[in-house]
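Visitor: quick one: sequence plus predicted model below, questions after.
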Amino acid sequence: MGRAGARAHAARARAHDDRGAPRAPRSARGVAVALVAGVSRFACVLVAHFAAAAVERCEPALREQPLAVLTQTANIKILVDANAAARERDVRSGMTETEAAARCPTLVTRSHIEEHVAAARHALLEAALAVSPRIEDGGAGIVYVDTAGLERLIGDPEAIGRRLVHQARTVGLVARVGVAGSRTAARVAAASASVPVTVVAPGRERAALAGVPLGVLDLDPPLAATLARWGVRTLGEMAALPREGVTMRLGPAGLRAHDQALGRDHEPFRPWTPPPFWEEAQGLEWEIESLEVLTVVLETVLTRLCGRLGAAALAADVLDIRLGLASGGHHARVVSLAYPMSEVKPMLALVGLDLEAHPPPAPVTRVAVSAHPIRAQMGQGGLWQPPVPAIRDL
């Protein structure tokens, strides 16, 4: 046998031995990461321009009008947010009230009230919690939803997204939903889409994000300026940069942006737990002295609160009423409900009767209502038992 034939025979022998030899085991972490990457699917519920959306939730008639939310800085009122109708007229955050009014004479302005934003934020979280038991608070107007197992209950990812959009609408918020294999990819898909629901196919996250403008990441201005000088305009161009070079020249902030451009999650999933009490509040620009006028404001606040309870299939057994007074004090009342309920009219009647018996000692400037949510137990009455009385009779 020649030398070439001997080498070929030896190679075939080694290949035969390699087929029978045991392979080196993969690490437990590598196996776990591969399994999670194969089954994890997340949805991002995104409400754009959230401060303006919180105002529209309190005043739905403003949805079709150009709206700006203002905050007082020294002696100047500065815009902190604007809705889509105002942005179509070149109204942007950071403008003064005078500059915004010059660009849009029909602009409607409202003061920034942190309680409205907090209530809207909790309402969005509770709406998502009614769809999945595992959700994460991603900040004002952003909720991440673990969709694992929801296909058996709701349907395909498109159906899950539609359910989340519907739940957000029930609490007075207009949302877009992205579904992908990571929270980052889902958020970018929702933020860059013009349709209510966007689904990224498994394994296609990088390709789906490649054409999205880099501004969707909300990078720090110095980092954004550096990338602009490099000619990086899209997530695909950012993802194509060498990782080692990004780390050396841009540091942790650049590495994080690179991960986001690739659709990778940088932080672990942190499940959100609802608070024991749900609150809705309404700040007033005038003083209320009449109980009849106060009842109208209470009805508005209770309507929003009951909408949140109904979206989560919950009821309230106790209402905590806290009225801010023009004198600087507070008037607090606790109204125990005879039966767990989520209906506005019986709640309003009970609160009205309580305030009629215990009126506030000064004009009212703020209204806050807290509810203790519980899951009402549904039961079937016996054949020979009397019917359960209606809630209004209780």
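Guide: Now that the structure is in, tell me what you want to look at.
Visitor: what's the neighbour count on the residue nearest to Gly203 when sequence neighbours are not counted?
Guide: Residue nearest to Gly203 in three dimensions, not counting chain neighbours: Gly181, with 7.2 Å by Cβ to Cβ, 6 or more residues apart in numbering. In short, each C-beta sits where N, CA and C put it, glycine included. Look at Gly181: counted by other Cβ atoms under 10 Å, it has 23 neighbours.
Visitor: tell me if I'm right that Gly181 and Asp146 touch.
Guide: No: assessed by Cβ atoms under 8 Å, Gly181 is found out of contact with Asp146, at 12.0 Å.
Visitor: list residues touching both of these two?
Guide: Here Gly181 and Asp146 share the contacting residues Ser40, Arg41, Phe42, scored by Cβ atoms under 8 Å, 6 or more residues apart in numbering.
Visitor: roughly how far does the last one sit from Val165?
Guide: Using Cβ to Cβ, to the nearest Å, Phe42 is found at 16 Å from Val165.
Visitor: okay, those two: which has more neighbours?
Guide: More crowded of Phe42 and Val165, by other Cβ under 10 Å: Phe42, with 24 against 18.
Visitor: average pLDDT for the host helix or strand of Thr303, rounded please.
Guide: Secondary structure assignment for Thr303, by DSSP states H and E: helix 291-311. The average of the pLDDT scores along helix 291-311 is 92.
Visitor: repeat that for stretch 193-202.
Guide: The predicted model assigns stretch 193-202 a mean pLDDT of 93.
Visitor: identify all contacting residues around it.
Guide: Contact with stretch 193-202 is made by 41, 157-158, 161-162, 165, 175-181, 185-186, 189-190, 208, as judged by Cβ under 8 Å, 6+ apart.
Visitor: redo that, cut-off 6 Å
Guide: Here stretch 193-202 makes contact (Cβ atoms under 6 Å, 6 or more residues apart in numbering) with 157-158, 161-162, 165, 176-181, 185, 189, 208.
Visitor: want to throw the residues you listed into a markdown table with distance to Arg333?
Guide: A markdown table is the format used below for the contacts of stretch 193-202 (distance: Cβ to Cβ, whole Å):
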| residue | distance to Arg333 |
| --- | --- |
| Pro157 | 46 |
| Glu158 | 46 |
| Gly161 | 42 |
| Arg162 | 41 |
| Val165 | 37 |
| Arg176 | 40 |
| Val177 | 39 |
| Gly178 | 43 |
| Val179 | 44 |
| Ala180 | 47 |
| Gly181 | 50 |
| Ala185 | 48 |
| Ala189 | 46 |
| Ala208 | 53 |
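Visitor: next step: these restricted to strands.
Guide: Secondary structure from DSSP state E places Arg176, Val177, Gly178, Val179, Ala180 of the contacts of stretch 193-202 in strands.
Visitor: who does the first one form a beta bridge with?
Guide: Note on Arg176: beta-bridge partners Leu46, judged by DSSP bridges.
Visitor: quick one: the strands in the stretch 101-250 of the chain?
Guide: With DSSP state E, counting those that start in this stretch, the ranges of strands along the stretch 101-250 of the chain come out as 108-111, 135-137, 142-146, 176-180, 197-199.
Visitor: tell me the angle the fourth one makes with strand 142-146.
Guide: Per axes from the mean of the first three to the mean of the last three Cα atoms, to 10 degrees, the angle that strand 176-180 makes with strand 142-146 is 40 degrees.
Visitor: just the buried residues of strand 176-180, please?
Guide: For strand 176-180, burial by neighbour count (16 or more other Cβ atoms under 10 Å) applies to Arg176, Val177, Gly178, Val179, Ala180.
Visitor: what of stretch 304-322?
Guide: Buried residues in stretch 304-322 (16+ other Cβ under 10 Å): 304-312, 314-316, 319-322.
Visitor: now stretch 197-213
Guide: By neighbour count on 16+ other Cβ under 10 Å, the buried set for stretch 197-213 is Val197, Thr198, Val199, Val200, Glu205, Arg206, Ala208, Leu209, Ala210, Val212.
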